[in-house]
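Undergrad: Got a predicted structure here, sequence first:
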Amino acid sequence: MLDKRQLAILCAGGAAFWFADALWIRSAPVLVLDPLWGDVGFLLSVPVAWMCVRLCQRLAGLDGMQLVPGVTLLVIVAALVHASALRWAPGLYGDDHVGRLGSAWLLWIYGLILGFALLSARRAGRTRLVPAIAASNRG
C-alpha cells in the first residue's frame, strides 16, 4: 500500500512528466514530425523509460511490492492530464499533425514505463503478470 507521502510524490511526478512531455512535443515538433528524428525519438525513449521507473522508485521510496502500483499511478496522472489537454486545449502541442504523432509517442513511452515497472517487479520476484488468475488457480 502506498502512503500519503508516496501518493503526493507520484501525483506530482505524473504532473511533472506531463509538463516535460508536452514541452518536448511543443518545443521540438521536428522530433515527432521528421521520419528519421521521430524514429530516433522512439528509440531514445527506451532508456528514458527505464530511467523514469528508477527515478520514480527512488523519489517515492517504493519497494518491490509498491513499484507497479506506484508507477501506474504516475502514468495514470500524466496520461489523464495529456488526454484532457489534447481534448480541450490541443493547441498546447501544436497543430493536429504534431498532436497526433506526439500522442503516438506518449502511448509508446507510457507503455514502456509500465512494462519496465512490471519487469522490474517481476524480476525481484514480487509480482506475477496476472495475479488474479494465479490466485484463482490455487483454489
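TA: Cool, the structure landed. None of these values were measured; they are calculated from a predicted model. Residues are numbered from 1 along each chain as shown.
Undergrad: And residue 55, how far from residue 17?
TA: 10 Å (Cβ to Cβ, to the nearest Å). Glycine gets a C-beta too; all of them are placed from N, C-alpha and C.
Undergrad: Tell me which of the two has more neighbours.
TA: Higher neighbour count among residue 55 and residue 17: residue 17, with 24 against 13, using other Cβ atoms under 10 Å.
Undergrad: what pLDDT, on average, does the helix or strand harbouring the more buried one get?
TA: Assigning secondary structure by DSSP states H and E places residue 17 in helix 4-27. Averaged across helix 4-27, pLDDT comes to 95.
Undergrad: average pLDDT for the next helix or strand after that helix?
TA: Going down the chain from helix 4-27, the next helix or strand is helix 30-33, by DSSP H and E. Across helix 30-33, pLDDT averages out at 88.
Undergrad: name the helices or strands packed onto helix 30-33?
TA: The contact analysis (3 or more Cβ pairs under 8 Å, 6 or more residues apart in numbering; DSSP states H and E) places helix 30-33 against helix 35-60, helix 96-123.
Undergrad: Okay, buried residues for it please.
TA: 31, 32 (16 or more other Cβ atoms under 10 Å).
Undergrad: In PDB, list the C-alpha atoms belonging to that helix.
TA: Presented in PDB, the C-alpha positions along helix 30-33 are these (Å, rounded to 0.1, in the frame of the first residue of the first chain):
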ATOM      1  CA  VAL A  30      10.600  18.200 -35.800                       C
ATOM      2  CA  LEU A  31      11.400  15.400 -33.300                       C
ATOM      3  CA  VAL A  32       8.000  13.900 -33.900                       C
ATOM      4  CA  LEU A  33       7.300  15.100 -37.500                       C
END
